[in-house]
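Engineer: Just to be clear, the model below is a prediction. Sequence and coordinates:
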Amino acid sequence: MNWNKWIRQIHRWLSMIFTVTVIATFIALAQEKPIVWVSYVPLAPLALLLLSGLYLFALPYAGKWFGKRGGASGP
């Protein structure tokens, strides 16, 4: 697997981890005596999602900036 596919796969797994942490946070904060620090747990996967998402967002533009072509050839 090349670097871009690794980042894409990591981004997918991070999105699942983020979803689970948000659900766990809702459950923890709905308790009788909520643990407040649990609300900060989703921030770690969210920050990693931001970084990997920005990288994936910039990939097509970086290809244009550095003169790389995609699979289809232009006219």
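Structural biologist: Done, it's in. All values reported here derive from a predicted model rather than from experimental measurement.

Engineer: Counting by contacts, list what the longest helix along the chain packs against.
Structural biologist: Of all the segments of type helix in the chain, defined by DSSP state H, the longest one is helix 3-29. Using 3 or more Cβ pairs under 8 Å, 6 or more residues apart in numbering; DSSP states H and E as the contact criterion, the secondary-structure elements in contact with helix 3-29 are helix 43-65. For every residue, glycine as well, the C-beta is placed using N, CA and C.

Engineer: Could you pull out the buried residues of the helix it packs on?
Structural biologist: Within helix 43-65, the residues scored as buried using 16 or more other Cβ atoms under 10 Å are 45, 48-49, 52, 55.

Engineer: Give me the lowest-pLDDT entry from those.
Structural biologist: Among the buried residues of helix 43-65, Y55 carries the lowest pLDDT, at 92.

Engineer: packing partners for the lowest-mean-pLDDT helix or strand in the chain?
Structural biologist: Between all helices and strands in the chain, the lowest mean by mean pLDDT, DSSP states H and E belongs to helix 43-65, at a mean of 90. Applying 3+ Cβ pairs under 8 Å, 6+ apart, one finds that helix 43-65 makes contact with helix 3-29.

Engineer: Pick out the residue nearest the middle of this structure.
Structural biologist: When the chain is reduced to its mean C-alpha position, the nearest residue by Cα atoms, centre = their mean turns out to be L49, at 2.3 Å.
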